[in-house]
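J.: Provided below for reference: sequence and predicted model.
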Amino acid sequence: MKCQHCEKPATFHITELTEPGGPQVMHLCEEHARHYLSKEQSTPTSLVADHLEKQLKLGQTAEELAELDQQECPVCGITFYEFRNAGRLGCPYDYTVFQKDLEPLLINIHASREHKGKRPTRLAPSADRQAELIQLRREMEEAIEKENYERASEIRDRIRTLESGQSDTSSDL
Amino acid sequence: MDPKLDELAGQCGEWLRGTGPESDIVISSRIRLARNLAGFPFIKKCSPEDRQAIERTVRGKMEKLAQWKDVRYLMVDDLSEVDRQFLVERQLISRELADSEGARAVAIDPGEQFSVMINEEDHLRMQVMHSGLSLQEAWQTVNALDDLIEGEITYAFHSKFGYLTACPTNAGTGLRVSVMLHLPALVITRQIDKVFRSLQKISVTVRGLYGEGSQYMGDFYQVSNQITLGRSEEELVQQVSEVIPVLIDYERRARRFLVEESEQDLHDDVSRARGILTTAKKISSEETMHYLSKVRMGINLGLIDDLPITTINKLFIHTQPAHLQKLRGRTLGSADRNVERASYLQRHLSDSGSNGAAELN
Ligand SMILES: [Zn+2]
Ligand SMILES: [Zn+2]
């Protein structure tokens, strides 16, 4: 058997297990196998991008996609388009904001959308409370930038109250 | 160069100690957990102030723990380029952490069994490394470490999606189990595809190990879980644990086959590799890896009986660029490193047997 990319004999038969369409087998010469494996190093980003691309092609029209891309997290300001390109989310609240489109992605990657396993004993504040904290940090930075130190220290106190009062406001989303 | 790191340079590091179960084939077992602090954006959207606040929060909480008394805490910005590369070579930090900007740090246990990266892709990435095949123990250690930190820090957690991570590929448990294997006989016999085929049943990724300049090094493979969500940590550890004996068995059979069918060729190959390592006047890091891999296999197969495997394991790490420079005590350009590397190899391989090992300790 010849290498898929050149005339040399294929000595590496790599089975790619991350394809959503089932295992894909590649027949490569040693050189191309090395090249292929070295490319694989950047997997997480490209994995997310590939999954999303397939998923979006299947489910959405061009207009729907354009609309989805413009969706923005009110807390960190990341757009879905930005996430799609970088493969990285901007804040924990994105799991709530983009839930509808993240769930199919999680199923594609993990064959599941529900956590099973360890849970922290210390409860995380509710998604809204976490979002509020992130927003307050932003406002505080803005206040400092404008040299409005009085406002900044007000916000700092509010952050401290929120952080320390986590136990009584904890709800598990 | 950071003197705090100098003493590490002389030692071997946990993952290349060359001990532990199945250590002729399994180099190391590593488990990492990804965690993020509640109430902060993920790294991508962190302002410089956010990064500082995260770093200070984590450091402050850690310092209070009695267990952290001996831990080395290093701000990456304070480290020279050589020291950063040095930590990457020892697998204590990632290339990404070394190269990124802003407040970021690493906490290292002096025994190098665990390290915690702060402000890498996630706010916290803690890893535990053991030499040989020792996944259950590694999981117990990292789990305890997580409990300890979790007692002080509130993590971003979602009742449905579990531990929230910057990349959805890590969501849920945030757990990555990695086992590094030395599979030279499967490479020589061109049976490496069997490795991949045997992994089809479960979701794992196989990667080659990389040298300087990201050059792929054919004899070392890293197997890790692909899935992090929907299965418990124990199930994920179990899944990887089950596949490793299969791979070990393939490699052992391939080694036996080589010894039976072509012992002379094999012996010749191994001896030439040793010859080059002991006589070269300049040698690159990739070439060194390539020949050390052959010598390592030769020792395991009994074709070389006057060299301890621990010597070879140490040479793997000590001949890497930053290590050479740390051991030499000064920075060296690439050409000078190749000369230094050759002389280092010669010194430690030519005086054979336990002598060579003693000198390295
Ligand atoms: Zn080819
Ligand atoms: Zn967000």
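T.: Yes, it's here. Ligands and ions are numbered 1, 2, ... in the order given.

J.: show me where the stretch 51-200 of chain B has helices.
T.: B:81-89, B:95-99, B:135-150, B:184-188, B:192-198 (DSSP state H, counting those that start in this stretch).

J.: Out of these, which is closest to ligand 1?
T.: Closest to ligand 1 of these is helix B:192-198 (Cβ to the ion; 14.7 Å). The C-beta positions use only the backbone N, C-alpha and C, and glycine is treated the same way.

J.: related to what we said a few turns ago, go through the helices of the stretch 51-200 of chain B and name the closest to B:R255.
T.: helix B:184-188 (4.2 Å; Cβ to Cβ).

J.: if we can go back for a sec, could you single out the most deeply buried of the helices of the stretch 51-200 of chain B?
T.: helix B:184-188 (a mean of 23; mean count of other Cβ atoms under 10 Å in any protein chain shown).

J.: How about residues contacting that helix?
T.: Applying Cβ atoms under 8 Å, 6 or more residues apart in numbering or on different chains, the contact partners of helix B:184-188 are B:192, B:194-195, B:218-219, B:250-251, B:254-255, B:257-258, B:293-294, B:296-297.

J.: May I have the phi/psi pair for B:Y291?
T.: Backbone dihedrals for B:Y291, given as degrees, to the nearest 10, come out at phi -80, psi -40.

J.: That one contacts B:I276, doesn't it?
T.: Yes: B:Y291 is in contact with B:I276 according to Cβ atoms under 8 Å; the separation is 5.5 Å.

J.: Which one's more surrounded, these two?
T.: Taking B:Y291 and B:I276 together and counting by other Cβ atoms under 10 Å in any protein chain shown, B:Y291 has the greater number of neighbours (22 against 18).

J.: Domains of chain A: list them as residue ranges, please.
T.: In terms of domains, chain A is parsed into A:12-56, A:62-110, A:127-164 (source: automatic domain parsing).

J.: which residues in the stretch 1-150 of chain B form strands?
T.: For the stretch 1-150 of chain B, the strands defined by DSSP state E, counting those that start in this stretch cover B:26-35, B:72-75, B:105-108, B:114-118, B:124-131.

J.: And chain A, by the same measure?
T.: Using DSSP state E, the strands of chain A run over A:12-16, A:24-28.

J.: returning to that earlier point: could you dump the strands of the stretch 1-150 of chain B to TSV with mean pLDDT?
T.: Shown next, in TSV, are the strands of the stretch 1-150 of chain B (pLDDT from 0 to 100):
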stretch	mean pLDDT
strand B:26-35	94
strand B:72-75	94
strand B:105-108	95
strand B:114-118	95
strand B:124-131	94
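
J.: Ok, which of the ones you listed comes nearest chain A?
T.: Taking Cβ to the nearest Cβ, strand B:26-35 is the member of the strands of the stretch 1-150 of chain B nearest to chain A, at 9.1 Å.

J.: Output that closest one as CSV - backbone C-alpha positions only.
T.: C-alpha atoms of strand B:26-35 as CSV (Å, rounded to 0.1, in the frame of the first residue of the first chain):
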residue,chain,number,x,y,z
VAL,B,26,6.5,2.6,30.8
ILE,B,27,8.5,5.7,31.4
SER,B,28,6.0,7.7,33.4
SER,B,29,2.5,8.1,34.6
ARG,B,30,1.1,11.5,34.8
ILE,B,31,-2.3,12.9,35.9
ARG,B,32,-3.4,16.5,35.7
LEU,B,33,-6.5,18.4,36.8
ALA,B,34,-7.6,21.7,35.3
ARG,B,35,-9.4,24.1,37.6
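
J.: so what secondary structure elements neighbour that strand?
T.: In terms of contact count using 3 or more Cβ pairs under 8 Å, 6 or more residues apart in numbering or on different chains; DSSP states H and E, strand B:26-35 is assigned the packing partners strand B:124-131, helix B:135-150, strand B:162-163, strand B:175-182, helix B:233-279.

J.: Of those, which is nearest ligand 2?
T.: Among the helices and strands packed on strand B:26-35, strand B:162-163 comes nearest to ligand 2, with 16.5 Å by Cβ to the ion.

J.: which residues do B:Y291 and B:I276 both contact?
T.: In contact with both B:Y291 and B:I276: no residue, using Cβ under 8 Å, 6+ apart.
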